[in-house]
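1. below is the structure, and that's it, no one-letter string:
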């Protein structure tokens, strides 16, 4: 299909990216996907996908990616980093640079995968960098149309980052961040299939142009309610267990120190502040309609 629309994509080897690039290719789009040098072993083989080795921030790499494309879908970003500067380099500066290159290459639409954390930029360096990324896109749009998607917590089969968490749930245990009123903290969740359908559907087709938007499988749910949904999905009891704040802060403090030295670890003090935020819900109008119990079962027990 030489006349099929061309989509330029970053982050196609990540958790969401793997699902999205497959979806786009199977829809018949021609996808040009940028991967880091030496990362071709992480790619999938499909006749509609052209994998390009290169680096964000490199004009030659970005021009090669954007040339001939009608849309850029930018997923690449850092969820965890050693320093605030690292977050901003990837989650903010790189967004603006790619947007400027895309506009110069004649791209018509730019779809940015942001994070619901951007709603609270003072909460953490990650949250601040995601909000800054949205601003960088707005400043470098030029003639392009754009949408920024603030994704809530993403879940689904194949995510290595959350696999240990869902393994505990499969065994009937749901660890929750403790503290005062922990039962009343609310979050929102989106299954990876819902997020991909939103990106490859309304966002790609221009139905959300000019907006900062979101999508959720469940727009608002407390930890005890989440435990109940998991119990129903698995047909077995799943008990929420509040982890004392003292233990969380001790663990996060140690992880933060190790992170600065080795770059390893996820639950830093910054991340803990995000987990302890009382309200990560979104408006129910953004719910996908997918049954949460079905999505949870497909995540926790993908083989069944």
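-> Nice, thanks for sending it over. Given the structure is predicted, the values throughout are model-derived calculations rather than measurements.
2. all helices for the chain, in order.
-> For the chain, applying DSSP state H gives helices covering 15-27, 59-66, 84-88, 94-104, 125-139, 163-170, 192-198, 223-234, 245-262, 269-275, 292-300.
3. which of those has the lowest mean pLDDT?
-> Per-segment mean pLDDT for the helices of the chain reaches its minimum on helix 245-262, at a mean of 89.
4. which helices and strands does it pack with?
-> If you count contacts as 3 or more C-beta pairs under 8 Å, 6 or more residues apart in numbering; DSSP states H and E, helix 245-262 packs onto helix 269-275. (Each C-beta comes from the backbone N, C-alpha and C, glycine too.)
5. check contacts around the nearest residue to residue 38 once chain neighbours are set aside.
-> Among residues not flanking residue 38 along the chain, residue 53 sits closest, at 7.6 Å (C-beta to C-beta, 6 or more residues apart in numbering). Residue 53 makes contact with 34, 35, 36, 37, 38, 39, 40 under the criterion C-beta atoms under 8 Å, 6 or more residues apart in numbering.
6. want to throw those into JSON lines with pLDDT?
-> JSON lines is the format used below for the contacts of residue 53 (pLDDT from 0 to 100):
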{"residue": "34", "pLDDT": "98"}
{"residue": "35", "pLDDT": "96"}
{"residue": "36", "pLDDT": "92"}
{"residue": "37", "pLDDT": "91"}
{"residue": "38", "pLDDT": "88"}
{"residue": "39", "pLDDT": "86"}
{"residue": "40", "pLDDT": "85"}
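7. in strands, which of the residues you listed fall?
-> In strands, judged by DSSP state E, the following of the contacts of residue 53 are found: 34, 35.
8. of the contacts of residue 53, which count as buried by neighbour count?
-> Among the contacts of residue 53, those buried by neighbour count (16 or more other C-beta atoms under 10 Å) are 34, 35.
9. and the two most separated of the contacts of residue 53?
-> In those, the most distant members under the criterion C-beta to C-beta are 34 and 38, with 13.2 Å between them.
10. how many other residues sit next to residue 281?
-> Residues lying near residue 281 (other C-beta atoms under 10 Å) number 18.
11. number the chain from 564, please
-> Sounds good: first residue 564 from here, last item residue 844.
12. nearest residue to it in space, ignoring adjacent ones along the chain?
-> Distances taken as C-beta to C-beta, 6+ apart place residue 783 nearest to residue 844, at 3.7 Å, with adjacent residues excluded.
13. touching, the one you found and residue 845? I think so.
-> Yes - between residue 783 and residue 845 there is a contact under C-beta atoms under 8 Å: 7.3 Å.
14. that older thread, please convert the contacts of residue 616 to CSV, extending it with distance to residue 827.
-> Output for the contacts of residue 616, formatted as CSV (distance: C-beta to C-beta, whole Å):
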residue, distance to residue 827
597, 25
598, 22
599, 19
600, 22
601, 20
602, 19
603, 25
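15. for residue 706, state which of the contacts of residue 616 is nearest.
-> Taking C-beta to C-beta as the measure, residue 706 sits nearest to residue 597 out of the contacts of residue 616, at 22.1 Å.
16. coming back round to it: anything in contact with each of residue 783 and residue 845?
-> Any residue near both residue 783 and residue 845 by C-beta under 8 Å, 6+ apart counts here, and that gives residue 751.
17. these two: which has the busier surroundings?
-> Neighbours per residue, other C-beta under 10 Å: of residue 783 and residue 845, the larger number sits with residue 845, 24 against 17.
18. any idea how far residue 689 is from residue 745?
-> Relative to residue 689, residue 745 is positioned 22 Å away (criterion: C-beta to C-beta, to the nearest Å).
19. distance of the residue nearest to residue 751 when sequence neighbours are not counted from residue 771?
-> The shortest distance from residue 751 to any residue other than its chain neighbours is 3.9 Å, reached at residue 715 (C-beta to C-beta, 6+ apart). According to C-beta to C-beta, residue 715 stands 16 Å off from residue 771.
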